[in-house]
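1. following is a predicted model, sequence given first.
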Amino acid sequence: MPFNTIGRDGNKVKTLIIIPAYNEQNTLDSLLSDIAAKCPDVDYLVVNDCSTDDTRGVLGRLGASYVSAPVNLGIGGAVQTGYRYALQNGYDIAIQVDGDGQHDVAYVSEMISAIREGADIVIGSRFIEKEGFQSSGARRIGIRFLSGLIWFVSGTHVKDVTSGFRAVNRHYIEVFAENYPDDYPEPEVIVIASLSGAEIREIPVVMRERTEGVSSINMKKSIYYMIKVSLAIIICRLGLGIRTGRRIKKARKEN
């Protein structure tokens with residue numbers, strides 16, 4: 001699908017791909033070549049999250065656009081760094097793409113189109129058409145559980161709640177540059193955005209299986225992940241519910 005980077009007002013839609021990368025020395029060359037070939041009108045920023053391998057050296061040799069964190073920020077901190085860069089440099093759309101090569105940037109044009117059509121957040125979902133890499137059976141069960149929990153607390157149904165392949169508009173660049181969850185943020189972000197009135201849209205994508213490196217979530221961490229994310233979702237819902245109630249009371253008093 002060809003890119004159309006001109007917005008409704010006739011101005012160019014400025015888009016940034018944010019690539020959080022931790023120990024991805026073997027995948028970045030291919031990923032950045034893919035972006036150059038498939039997304040020629042889109043900028044990118046690699047956030048090297050204090051990698052212990054040669055990620056920084058590879059980025060330097062490639063002449064890539066990147067920043068390097070002096071300490072390990074975790075996925076949330078790395079992505080938020082990208083949002084802050086996007087905000088400071090006037091981008092209209094930011095698209096998160098993992099550094100491990102699992103996300104096919106050929107879908108970036110569809111994400112941009114969905115944002116331009118009015119969506120606030122667009123999530124690339126592997127579970128709509130169920131093609132390509134579907135993750136392990138145990139993880140799919142966990143994802144379905146989190147999807148149900150998010151629907152219960154927010155009323156928003158998202159199938160692929162852990163997908164890190166997502167785009168946001170200018171408003172949510174501003175929101176996430178200011179406040180973004182730390183560890184395993186993707187499910188919690190859906191709750192935050194949903195309860196603030198965001199239009200969240202899923203589009204079908206085909207994801208690749210990781211061929212290099214190691215996932216940050218192994219079997220030992222899976223139970224911890226489920227407990228932590230579930231509690232974070234519930235606490236987020238309670239906190240936002242209290243703040244929403246206060247705003248309603250304040251508005252009634254003013255009226």
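-> That came through, no problem. Residues are numbered from 1 along each chain as shown.
2. on the three-state scheme, the residue nearest to C236 when sequence neighbours are not counted is what?
-> Nearest residue to C236 in three dimensions, chain neighbours excluded: V191, at 5.0 Å (C-beta to C-beta, 6 or more residues apart in numbering). Where you see a C-beta, it was placed from the backbone N, CA and C, and this is true even at glycine. Look at V191: counting by DSSP: H, G, I helix; E, B strand; the rest coil, its state is helix.
3. V191 contacts W151, correct?
-> No - contact status for V191 versus W151: not in contact, 10.3 Å apart, counting by C-beta atoms under 8 Å.
4. for the helix or strand hosting L16, packing partners?
-> Take DSSP states H and E as the rule and L16 turns out to sit in strand 15-21. Contact here means 3 or more C-beta pairs under 8 Å, 6 or more residues apart in numbering; DSSP states H and E; on that basis strand 15-21 packs against helix 28-38, strand 43-48, helix 74-88, strand 93-96, helix 108-116.
5. the stretch 51-200 of the chain: helices as residue ranges?
-> 55-62, 74-88, 108-116, 137-154, 170-178, 186-195 (DSSP state H, counting those that start in this stretch).
6. P20 contacts I75, doesn't it?
-> Yes - in this structure, P20 is within contact of I75 by C-beta under 8 Å, at 5.8 Å.
7. now for the two: what residues contact both?
-> D49 (C-beta atoms under 8 Å, 6 or more residues apart in numbering).
8. the two: which has the busier surroundings?
-> Taking other C-beta atoms under 10 Å, P20 and I75 do not tie; P20 has more neighbours (27 against 22).
9. list the beta-bridge partners for the more buried one.
-> V47 (DSSP bridges).
10. tell me the contacts of it?
-> Applying C-beta under 8 Å, 6+ apart, the residues contacting P20 are 47, 49, 75, 78-79, 82, 96, 98-99.
11. go with 6 Å
-> 47, 75, 78-79 (C-beta atoms under 6 Å, 6 or more residues apart in numbering).
12. widest-spaced pair of these?
-> Maximum pairwise distance among the contacts of P20 (C-beta to C-beta): 9.8 Å, between V47 and I75.
13. so what's the residue count around K12?
-> Count around K12 with other C-beta under 10 Å applied: 10.
14. same question for R84.
-> Quick note: R84 (other C-beta under 10 Å) scores 16 neighbours.
15. quick check: it vs P185, distance?
-> Separation of R84 from P185 (C-beta to C-beta, to the nearest Å) stands at 15 Å.
16. what about S222, neighbour count?
-> Neighbours around S222, by other C-beta under 10 Å: 14.
17. now do the helix or strand where it lies, average pLDDT.
-> S222 is part of helix 219-254, with elements assigned from DSSP H and E. Averaging pLDDT along helix 219-254 gives 66.
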